[in-house]
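J.: coordinates only, no sequence provided:
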C-alpha cells in the first residue's frame, strides 16, 4: 500500500507538477476500527494481541523508514 501510494504521489509531483508538501501514514500501529474491530490491520507496527500487546515493526515500517532516511523512494520502488 505505502509503496504504491507514495510512488503515485511521486509521479504526481514530478510529472504533473502537483504541489504536494507532505504525507502522513494513517496509522502507526494496528488499532481498533469501528466497522471491522481488530480484523483489519494496516498500521506500520503489528500489535500482537496474544503476546502481551507486543509491538512488531512490519516490512512496510522498515521500507517507510528507508524512504524517510533518504528523503525519497528507494531505487527498487517503481511499480
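T.: Yes, it's here. Since the model is a prediction, treat every value here as computed from it, not as a measurement. Numbers count the residues shown, from 1 in each chain.
J.: for the protein, longest helix please?
T.: The longest helix of the chain (DSSP state H) is helix 2-16.
J.: can you point out the buried residues in that one?
T.: Across helix 2-16, burial judged by 16 or more other CB atoms under 10 Å covers 2, 3, 6, 10. From N, CA and C alone the C-beta is placed, and that goes for glycine too.
J.: can you pull the pLDDT of the first one?
T.: pLDDT, the model's per-residue confidence, is 85 for residue 2.
J.: got a list of what it touches?
T.: 25, 60, 63, 64 (CB atoms under 8 Å, 6 or more residues apart in numbering).
J.: now the two most distant members of those residues.
T.: Using CB to CB, the two most remote members of these are 25 and 63, lying 11.1 Å apart.
J.: show me which of these two is the more surrounded one.
T.: The neighbour comparison of residue 25 against residue 63 (other CB atoms under 10 Å) goes to residue 63, with 18 against 15.
J.: part of a helix, is that one?
T.: Yes. Assessed by DSSP: H, G, I helix; E, B strand; the rest coil, residue 63 belongs to a helix.
J.: my read: it touches residue 73, true?
T.: No. The pair residue 63 and residue 73 does not pass the contact test of CB atoms under 8 Å, sitting 9.6 Å apart.
J.: closest to residue 37 out of the buried residues of helix 2-16?
T.: residue 2 (23.0 Å).
J.: okay, and for this protein, where does confidence drop off?
T.: For the chain, the stretches flagged by pLDDT under 70 are 77-79.
J.: would you map the helices across it?
T.: Going by DSSP H, the chain shows helices at 2-16, 59-70.
J.: got those helices as JSON lines, with distance to residue 39 columns?
T.: Output for the helices of the chain, formatted as JSON lines (distance: least, CB to CB, whole Å):
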{"stretch": "helix 2-16", "distance to residue 39": "20"}
{"stretch": "helix 59-70", "distance to residue 39": "18"}
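J.: ok, which of these comes nearest residue 30?
T.: helix 59-70 (11.3 Å).
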